[in-house]
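> Compute the structure for the input listed below.
(2 chains)
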2 protein chains.
Amino acid sequence: MSSNFPALDTLRTTCISRLESSLDGLLPASSAASRLSQAMRYAALSGGKRIRPLLVYGATGLAGAPLSQGDIPASAVELIHAYSLVHDDLPAMDDDDLRRGQPTCHKAFDEATAILAGDTLHTRAFELLATEGQYRADTRIAMIRHLSQASGVDGMAAGQMQDMQAQGQLQTVAALEEMHYLKTGRLITVSLQLGYFAAEINEPALLQDLTRFGDAIGLAFQIQDDILDVTMDTEQLGKPSGSDEKLNKSTFPSLLGLDASRERASLLCQQAQQALSAYGDRAAPLQQLAQYIIARNH
Amino acid sequence: MSSNFPALDTLRTTCISRLESSLDGLLPASSAASRLSQAMRYAALSGGKRIRPLLVYGATGLAGAPLSQGDIPASAVELIHAYSLVHDDLPAMDDDDLRRGQPTCHKAFDEATAILAGDTLHTRAFELLATEGQYRADTRIAMIRHLSQASGVDGMAAGQMQDMQAQGQLQTVAALEEMHYLKTGRLITVSLQLGYFAAEINEPALLQDLTRFGDAIGLAFQIQDDILDVTMDTEQLGKPSGSDEKLNKSTFPSLLGLDASRERASLLCQQAQQALSAYGDRAAPLQQLAQYIIARNH
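Now for the predicted structure:
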């Protein structure tokens, strides 16, 4: 991470090690099915940008709570993200061999193990929110409700379905935005909401502002992903570049052109920053995360 | 259902229509991904013995609460069961073409849709428990906690993993029992526990008795499944018979012989009935369900 983002550097330094030690403790080292535990750990502990957990911690911090309050929802949302990657990479879905520069889970293990590892990461996310940490029961329910709604048939999974159905078809910008909002945006926004709920404060205006911030950076994140897919090579990305074109997918650059896509991402980043402008320095890590999302090169 | 089981007949008549109308209302008729919604409905609404929901309702009734209190956990546990069947039937797992006399989900739709439909049924189960019906927050948490623990990496999914790893290997009776306890037994026991929690009473001895009952009928159920697999034909079962032998799986009949397997199932049924003997007529539907499990022929 570049030192143009000092507040974000601090958040990352503190939070990524918090997250990884939290996940390490919360995932089974062995179990009734040790190969399955290994596959879960492989999928969840092999790096990644950890953007969703950073958003959880950023929101918890902005809400004035200690970062430790964010550990459980940060871990839960990362497990949902990890499960979705394992399943999306399967041969019957996107058929990807490489993820974060490593063999995908079904390549490192086998397809049946990968399906089950995705399933158990998925279950574990909800188990964490129901079981771990110190939260009021109504806080746990709010987190489970929001996370399930964001990731299910009206959220992330519907986005993956739309994405597969759209392959080979020319889409409108509106349809592309809806697909990305479901597939990626909802999990990004819910990360901020979970961070807010974990702080156990009652400040509805902050929840609304975090939601606006999340909706804007979610779309900016996806536009930047599309831009990187056409401008970077496979080694830089850690996953196959040019894959959208190969699958004949509509992308923001293919529909709008590169320059207009960059402008759009930049505008969304400004909108995100305005959403949190009233919170001053407390919002600095999230503000810089928004900037990083469009400045990143992988 | 035979009229040898009048209390069970009443439970079934009332509860299966309750369950199916509950599921019908709780599953999306259309959504952002209508093909995905169709696959979810196909997997969850195409019949089956509905044993787990009956156990939920039976426990809710025994705990003295109106059956309507059981609707949400009965639906949730059936969605978890349906998700597990859809994923277990996939080509990379058990590769089954037929389920309940119908094409399996990936045959009726396609593999990618089946993977996602399993995922969204899974998410929806937890969403229901967090969102629907009228329960105290701590009741919801107890239900989500127990259901996630019973179905995850220390429960149902671990059992499926053990089952796949055991194919072609001669197992001990103890290993076979552990596998079935995880794969089938835990979801059966948790059905009774959810029915208890849904009644929102505080009677720990009943919870314990229901757990003993569930553990016994769970194993009896699986022994009977193994017996039916060798004694019935495909049409009677609604799924391929003889599949255990084809996969070179150890079964209770292959390890113990048919007669000893039948005796074992019968003994477990008696143990189950003893667990609830103190509850008299209130336990009649569950008692008869235990008998039905070893008398059934499909």
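
> who touches the closest residue in space to A:Gln69 that isn't next to it in sequence in this structure?
Residue nearest to A:Gln69 in three dimensions, not counting chain neighbours: A:Ala198, with 4.7 Å by CB to CB, 6 or more residues apart in numbering or on different chains. C-betas here are computed from N, CA, C, even on glycine. By CB atoms under 8 Å, 6 or more residues apart in numbering or on different chains, the contact list for A:Ala198 reads A:Val56, A:Thr60, A:Ala65, A:Gln69, A:Gly70, A:Ile72, A:Pro73, A:Tyr135, A:Thr139, A:Met143.

> And these, which is closest to B:Val86?
For those, the closest approach to B:Val86 (CB to CB) belongs to A:Met143, at 26.6 Å.

> Go ahead and confirm the closest one touches A:Leu128.
No - A:Met143 lies out of contact with A:Leu128 (CB atoms under 8 Å); the separation is 9.5 Å.

> how much space between the residue nearest the centre of chain A and chain B?
Nearest to the mean C-alpha position of chain A, by CA atoms, centre = their mean, lies A:Arg52 at 4.2 Å. Distance, A:Arg52 to chain B, by CB to the nearest CB, to the nearest Å: 16 Å.

> which secondary structure element contains that residue?
helix A:51-62 (DSSP states H and E).

> Likewise for A:Val86?
Using DSSP H and E, A:Val86 falls in helix A:71-88.

> just the helices in the stretch 51-200 of chain A please.
Under the criterion DSSP state H, counting those that start in this stretch, the stretch 51-200 of chain A contains helices at A:51-62, A:71-88, A:105-108, A:111-131, A:137-151, A:156-166, A:173-180, A:186-198.

> okay if I get those helices as TSV plus mean pLDDT?
As requested, those are exported to TSV (pLDDT from 0 to 100):
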stretch	mean pLDDT
helix A:51-62	97
helix A:71-88	98
helix A:105-108	97
helix A:111-131	98
helix A:137-151	98
helix A:156-166	93
helix A:173-180	94
helix A:186-198	98
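
> wait, what's in contact with the closest residue to A:Leu207 other than its chain neighbours?
The shortest distance from A:Leu207 to any non-neighbouring residue, by CB to CB, 6+ apart, is to A:Tyr196 (5.2 Å). Listed by CB under 8 Å, 6+ apart, the contact set of A:Tyr196 reads A:Ala59, A:Thr60, A:Ala63, A:Glu203, A:Leu206, A:Leu207, A:Leu210.

> Surely the last one touches A:Ser191?
No - contact status for A:Leu210 versus A:Ser191: not in contact, 9.4 Å apart, counting by CB under 8 Å.

> Comparing the two, which residue is more hemmed in?
Each of A:Leu210 and A:Ser191 has its neighbours counted (other CB atoms under 10 Å in any protein chain shown); A:Ser191 has more, 33 against 28.

> Does at least one residue of the helix holding A:Val86 sit close to chain B?
Yes - residues of helix A:71-88 are located near chain B by CB under 8 Å from any CB of the partner chain, namely A:Tyr83, A:His87.

> tell me the angle of that helix relative to helix A:156-166?
Interaxial angle, helix A:71-88 versus helix A:156-166 (axes from the mean of the first three to the mean of the last three CA atoms, to 10 degrees): 20 degrees.

> To which secondary structure element is the residue lying closest to A:Thr189 once chain neighbours are set aside assigned?
In this structure, A:Thr189 finds its nearest non-sequential neighbour in A:Gly214, 3.3 Å apart by CB to CB, 6+ apart. Secondary structure from DSSP H and E places A:Gly214 in helix A:204-231.

> Report the rounded mean pLDDT for that helix.
Mean pLDDT, computed over helix A:204-231, is 95.

> Go through that helix and flag the buried ones.
In terms of neighbour count (16 or more other CB atoms under 10 Å in any protein chain shown), helix A:204-231 has its buried residues at A:206-207, A:209-230.

> and if you look at stretch A:71-80?
Here stretch A:71-80 shows A:Asp71, A:Ile72, A:Pro73, A:Ala74, A:Ser75, A:Ala76, A:Val77, A:Glu78, A:Leu79, A:Ile80 as buried, counting by 16+ other CB under 10 Å.

> can I assume the first one is in contact with A:Gly133?
Yes - judged on CB under 8 Å, A:Asp71 makes contact with A:Gly133 at a distance of 6.5 Å.

> before we move on, back to that, distance from the helix holding A:Arg52 to the middle of the chain?
11 Å (CA atoms, centre = their mean, to the nearest Å).

> Could you do stretch A:115-132 as well?
With CA atoms, centre = their mean, you get 16 Å for stretch A:115-132.

> That stretch close to chain B?
Yes - using CB under 8 Å from any CB, we find that stretch A:115-132 touches chain B at A:115-116, A:118-120, A:122-124, A:126-127, A:129-131.

> which of these count as buried?
By 16+ other CB under 10 Å, the residues of stretch A:115-132 next to chain B give A:115-116, A:118-120, A:122-124, A:126-127, A:129-131 as buried.
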